[in-house]
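[1] Sharing a sequence plus its predicted fold:
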Amino acid sequence: MDIAAHRANPEISLERHVKSRVVELGRGLESRSAIYLDTKFWIMLRDCAAGRNAEPAVRELLRRLRELVQAGNAFCPISDSTFSEFLKNRDLTARLEIARVVDELSLGVSLIDHQMRLGTEISHFVHSAEGHGDLHPLRHLAWSKVAYALGFAHPSQTGFDAETELAIQKAFFDRMWNMRLEEVMQTLGAHSSPDGLEFNVSGLNDGVKQNADQLRSFAQAYEAELRGSVELGANMAMDVTGDLFRKRTGGTPPDKKTEQWQKQWKQWAELLFVALRKRPQIKQQLRTLHINAALHAAFRWDKARRFTSNDLYDFEHASAALAYCRAFFTENGLHATISARHVALDELFQCAVASDIRGAIAVLDTVEAEHSRS
């Protein structure tokens with residue numbers, strides 16, 4: 001849609017326009033199984049498509065994925081962590097090669113970024129607790145397009161009047177929404193993003209070392225991680241309730257510095273903690289909080305292990321894949337952590353995990369059989 005068409009509909013806000021496209025996309029993907037590949041698997045498929053990897057098993061994996069996508073049975077989304085890892089490679093040719101494979105298998109689809117997924121789940125939880133029965137299911141709110149893998153951004157302070165700027169913003173969004181990853185990579189050139197997760201590692205390892213002697217069980221480690229996670233969740237819940245208060249009353253919610261705000265924040269933090277600890281169905285609703293806490297707890301419980309920046313990327317891959325995908329192809333170590341009896345995230349979210357080519361092909365057999373029966 002061009003700027004003139006958007007100017008004719010100024011009553012449609014940018015937020016409403018974006019959400020309508022997200023929901024439309026989610027509904028359109030309903031009949032397909034999401035198969036999430038970590039960067040290792042994308043690199044293998046890239047090299048195979050470019051003729052550099054002639055291993056029969058890899059060729060078979062690429063062929064099977066192509067068939068499932070072309071038949072309308074599957075798609076292979078990326079995420080913000082996948083996109084960031086692609087940008088760590090400064091070789092533009094390699095980036096373009098991997099982008100072409102992603103464009104073919106992903107249908108141009110990405111999960112919304114990690115922070116937005118977490119916020120969406122918190123908002124969904126708050127609204128359901130408020131008794132709102134007309135909520136979109138989370139599976140309709142989780143998907144975006146590859147150009148927005150790192151989050152939604154819109155032009156602002158354009159110098160035009162408010163109505164024209166709104167039309168420009170919506171038209172810009174439409175252009176980006178339909179952009180292929182190859183075009184995005186061409187536009188970025190050799191630009192490389194800094195490793196934003198690297199700075200977290202030393203502090204995490206220090207904390208693990210200091211508290212190692214206090215941990216007596218995985219359950220204790222999970223509760224400790226959860227206590228930290230629900231603080232962020234409580235902040236988001238307060239933002240949601242503040243917006244609800246403004247819409248209902250037209251007034252201003254309590255300021256963060258007030259005793260009333262602090263009291264409500266503590267109530268949300270405790271509610272989230274107790275709900276996630278005791279109610280399995282809430283773990284599925286607040287899935288990103290639970291997955292993050294469980295994976296960090298698993299690493300803390302393995303007292304000899306130390307975090308690396310790659311581990312943090314793996315956690316983000318896992319939270320994206322387990323929460324919203326039918327299958328997850330990843331590293332051996334992460335596979336073992338996810339499927340360990342005391343963690344069992346693959347079982348909770350019914351996400352088949354594989355860490356080698358043959359295992360991945362076996363998962364595709366299952367996905368294909370599921371679609372043949374439906």
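    Sure, I can see it.

[2] Relative to residue 154, how far out is the residue of the chain most remote from its centre?
    Distance from the C-alpha centroid of the chain peaks at residue 161, with 35.1 Å (Cα atoms, centre = their mean). Computed as Cβ to Cβ, to the nearest Å, the residue 161 to residue 154 distance reads 16 Å. For the C-beta atoms, the positions are set from N, CA and C on the backbone; glycine is no exception.

[3] what's the answer for residue 190, then?
    Distance from residue 190 to residue 154, by Cβ to Cβ: 26 Å.

[4] Please apply the same query to residue 279.
    Distance from residue 279 to residue 154, by Cβ to Cβ: 37 Å.

[5] got it, and residue 266?
    Using Cβ to Cβ, residue 266 is found at 35 Å from residue 154.

[6] More neighbours: which of those two?
    Taking neighbours as other Cβ atoms under 10 Å, residue 266 and residue 154 compare with residue 154 leading, 14 against 11.

[7] could you pull out the helices for the stretch 251-374 of the chain?
    259-278, 280-285, 287-301, 309-324, 332-339, 345-348, 357-373 (DSSP state H, counting those that start in this stretch).

[8] ok, residue 128 - contacts?
    135, 285 (Cβ atoms under 8 Å, 6 or more residues apart in numbering).

[9] correction: residue 156
    Counting by Cβ under 8 Å, 6+ apart, residue 156 has contacts 165, 169.

[10] could you redo the last one with a cut-off of 10 Å?
    Counting by Cβ atoms under 10 Å, 6 or more residues apart in numbering, residue 156 touches 165, 168-169.

[11] Among these, name the ones in helices.
    Counted as lying in helices by DSSP state H, out of the contacts of residue 156, are 165, 168-169.

[12] In TSV, list those residues along with neighbour count, pLDDT and distance to residue 16.
    Compiled in TSV, these are given as follows (neighbours: other Cβ atoms under 10 Å; pLDDT from 0 to 100; distance: Cβ to Cβ, whole Å):
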residue	neighbour count	pLDDT	distance to residue 16
165	17	93	16
168	18	94	16
169	20	94	12
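
[13] mind putting those in TSV, distance to residue 182 included?
    Output for these, formatted as TSV (distance: Cβ to Cβ, whole Å):
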residue	distance to residue 182
165	30
168	25
169	25
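
[14] which one among the residues you listed gets closest to residue 76?
    Distance to residue 76 across the ones in helices among the contacts of residue 156 (Cβ to Cβ) is lowest for residue 169, with 29.9 Å.

[15] how much space between the residue nearest to residue 347 when sequence neighbours are not counted and residue 313?
    Leaving aside its sequence neighbours, residue 347 sits nearest to residue 339 (Cβ to Cβ, 6 or more residues apart in numbering; 7.9 Å). Note on residue 339: its distance to residue 313, by Cβ to Cβ, is 19 Å.

[16] Looking at these two now, which is surrounded by more residues?
    More neighbours surround residue 313 than the other of residue 339 and residue 313, with 20 against 14 (other Cβ under 10 Å).
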